[in-house]
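J.: Next come a sequence and a model predicted from it.
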Amino acid sequence: MKLLHTSDLHLGRQFNGISLEEDHAAVLDQIVEAVKANGVDALIIAGDVFDRASPPQSAVRQFNGFLQRIKSETTAAVAMIAGNHDSGDRIDLSAIAADRSRWLIRGAISAEEAPLLLSDKHGPVAISALPFAYEYAARECFESETIDTPEDVLVAQVAAARARIPEGARWIIVAHAFVTGGSVSESERSLTRVGGIETVRTSAFDGAHYVALGHLHRPQSVGAEHIRYSGSPLAFGFDEADSEKSMGLIEMDAAGQVSVEVVAFKPIRRTRVLRGKHAELLLSDPSSDFIKAELTDDVPVIDGMKRLRDVFPNACELVYVRNERPLETKSVDGPAVTAAEPADVVRNFLGEVGLENITDAEQDVVEASLTRLRQREDAE
């Protein structure tokens, strides 16, 4: 059986105030084409369909059009859950017109975790779609006051799902969680209260042949090859500039063993970090990519960002490398060093930040000011 695993679409999101609607349209097209080109039996979307609980209508229309294409242009089943950015009720609305024998769309948590049952020449495959839920909702759902962490929530959901799996069926779990050992990005929102234990151990998924995860934005396996994040299809921060975005094409054999093939996304705009002198960057080939410029210039550049946007219209950040240098440390070994005069400290500081040496007249002003400070301190 072939599965296509993706997650964390975050439809409706912007990048530094720049709309990503066209970027999302491109990756949604690529998901549809990957389903068709690879003869996929089931498409899995592991949460965070939208970027917020009340997404813009343009994002809702975009996603509804995508689902309609999957329904009309492919024969793939769909298993989809709400993530922590989603409204469970809104995700449930997508299930109203769905073919229940082919699609499993879960927004709100439930104690009745009935799977989507599929089959191939090797027998049945059961997909349990476990939507994200906070602890308070899980306590009410499972009537248990002992649920205190995201792991407790998932353990209860997995136990409810396991009870509904037919004997001998290969089992797939879809979940939205922070599994221990995962590599994070800056754009992910915490799944728990401040100070709470956010992570979930891999043992929570014991018995599953494949675990399709959402939440972390970098594609990765955690703990074992069959416990995997697909990652987000787009980069949402410059810390992800080095991350190749992809879908996971999963093939499961008769025994439930899986092989993973990475299907790379081809974004229409990439996220890049460029380093060098401002004049050098202005000689680069023009690009619509999202750019963070790390300038190595010794002094600030006049209208640096404005001029950079003549070449890179989607330049978002400009920083100076000299401002990010770590403080120099000295060894405590060696000869004693006499304390520097305050006026010398001021002069050295101005030199360190790249300003010209101050004149004698300016130095007299500094020394006079320091003298007044000393006199004030003595008077007190």
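T.: All right, it came through fine. Numbering: from 1, shown residues only.
J.: Now do the contacts for the closest residue to residue 87 other than its chain neighbours.
T.: Leaving aside its sequence neighbours, residue 87 sits nearest to residue 53 (CB to CB, 6 or more residues apart in numbering; 3.9 Å). Heads up, the C-betas are built off the backbone N, CA and C, glycines and all. Shown in contact with residue 53 (CB atoms under 8 Å, 6 or more residues apart in numbering): 85, 86, 87, 90.
J.: hmm, try it at 10 Å
T.: Neighbour list for residue 53: 82, 84, 85, 86, 87, 88, 89, 90 [criterion: CB atoms under 10 Å, 6 or more residues apart in numbering].
J.: And residue 183, by the same measure?
T.: 216, 217, 218, 219, 220, 222, 229, 231, 243.
J.: 7 Å - rerun?
T.: Residue 183 makes contact with 216, 218, 220 under the criterion CB atoms under 7 Å, 6 or more residues apart in numbering.
J.: If residue 118 is in a bridge, with which residues?
T.: Listed by DSSP bridges, the beta-bridge partners for residue 118 are residue 125.
J.: Buried residues, stretch 273-289. List them.
T.: Buried positions in stretch 273-289, judged by neighbour count with 16 or more other CB atoms under 10 Å: 274, 276, 278, 281, 287, 289.
J.: Surely the first one forms part of a strand?
T.: Meaning residue 274. Yes: under DSSP: H, G, I helix; E, B strand; the rest coil, residue 274 sits within a strand.
J.: is it true that it touches residue 295?
T.: No: Residue 274 lies out of contact with residue 295 (CB atoms under 7 Å); the separation is 9.3 Å.
J.: With respect to residue 115, which of the contacts of residue 53 is nearest?
T.: Closest to residue 115 out of the contacts of residue 53 is residue 82 (17.2 Å), distances taken as CB to CB.
J.: For the closest one, grab the count of nearby residues.
T.: 29 (other CB atoms under 10 Å).
J.: again with residue 323
T.: 10.
J.: repeat for residue 198
T.: 16.
J.: tell me the SS of the residue nearest to it when sequence neighbours are not counted?
T.: Ranked by CB to CB, 6+ apart and with sequence neighbours excluded, the top spatial neighbour of residue 198 is residue 192, at 4.6 Å. Following three-state DSSP, residue 192 is assigned to coil.
J.: Surely residue 192 is in contact with residue 215?
T.: No: checked against CB under 7 Å, the pair residue 192 and residue 215 is beyond contact range at 11.9 Å.
J.: got the residue ranges for the strands in the stretch 201-350 of the chain?
T.: Counting by DSSP state E, counting those that start in this stretch, the stretch 201-350 of the chain has strands at residues 210-214, 220-222, 224-229, 246-252, 258-264, 271-276, 290-295, 315-320.
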